[in-house]
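Colleague: Here's a sequence, model it:
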Amino acid sequence: KLDSFFSALEKRGLANGSLAISQNGKIVYQRAIGYSYMDSAQKIPATINTRYRIGSETKMFTAVIIFQLVEEGKLRLDQQLSQYFPEIPNPNKITIGNLLNHRSGLHNYTEGTNFQQWRDKPATHEQLLAMIKEKGAGFEPGARAEYSNTNFLLLGYIIEKICNMPYDQAVAKRIISKIGLNNTYNGGPIDIKKGESVSYKYATGNWKKEKETDLSIHGGAGSMVSTPSDMVRFTEALFS
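Modeller: Residues are numbered from 1 along each chain as shown. Sure thing, here's the model as predicted:
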């Protein structure tokens, strides 16, 4: 039934991608359809090993490391942001826990900042922190939940401070190397020669190439690349 469904999507050109399904720790189904790259000169079919930018699924890796640091006594969920970023709005009220569950009130740096104009350009920690400071807070910490990439960008920066290494190295040391995620890493410019997929959006009956985001601006909020089978392995490890 799954094969029939995905074959129908592929035949009509309605989907591009790869997936993996696991049961009891074992992968029981994998499938890839469509293309990982396409232009007028060539089309590269997607495979089960195609590597994709996983976007905000990066946040799960960030959360795992934060809880590792809590277990190691290097961080507390009730710890205030002021210890790390006193220049950010409400630093004496916002806690690590508020950042984790999107209750900080901090403005989402990818909204209301002309993000589409600068998403393909690199940005330093200092530049992004200045933007976060300027945009301020929309509500008091803990008052409600509102999804904001800012929360996990800051958590990624805190990981770097505590671990004394770049975010990608911390993820590689604390998660990737421990469970053998051979196709998971911090992304850079898309490289189709490495089996990485370009991003497309379906509009008016055709696939249009999306502007490529510079992943240096996302850090712990969305900078990683992986495959469905690696993500299944990560999720199994997380819950077991």
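
Colleague: Helices along the protein, start to end?
Modeller: All helices of the chain, identified by DSSP state H, fall at 2-11, 58-71, 96-100, 115-118, 125-135, 149-163, 167-171, 177-179, 228-239.

Colleague: Outside of the second one itself, list whatever touches it.
Modeller: Helix 58-71 is contacted from outside by 75-77, 96, 100, 152, 155-156, 158-159, 162-163, 170-171, 174-175, 218, 220-224, 234, 238, using Cβ atoms under 8 Å, 6 or more residues apart in numbering. To be clear about C-beta, it is placed using only N, CA and C from the backbone, and glycine gets the same treatment.

Colleague: Go ahead and build a ChimeraX selection from the buried members of the residues you listed.
Modeller: The following ChimeraX line selects those of the contacts of helix 58-71 that are buried, judged by 16 or more other Cβ atoms under 10 Å:
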select :75,96,100,152,155,156,158,159,162,163,170,171,174,175,218,220,221,222,223,224,234
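
Colleague: returning to that earlier point: could you dump the helices of the chain to a markdown table with distance to residue 141?
Modeller: Listed next are the helices of the chain as a markdown table, based on distance: least, Cβ to Cβ, whole Å:
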| stretch | distance to residue 141 |
| --- | --- |
| helix 2-11 | 43 |
| helix 58-71 | 17 |
| helix 96-100 | 5 |
| helix 115-118 | 24 |
| helix 125-135 | 14 |
| helix 149-163 | 11 |
| helix 167-171 | 24 |
| helix 177-179 | 33 |
| helix 228-239 | 27 |
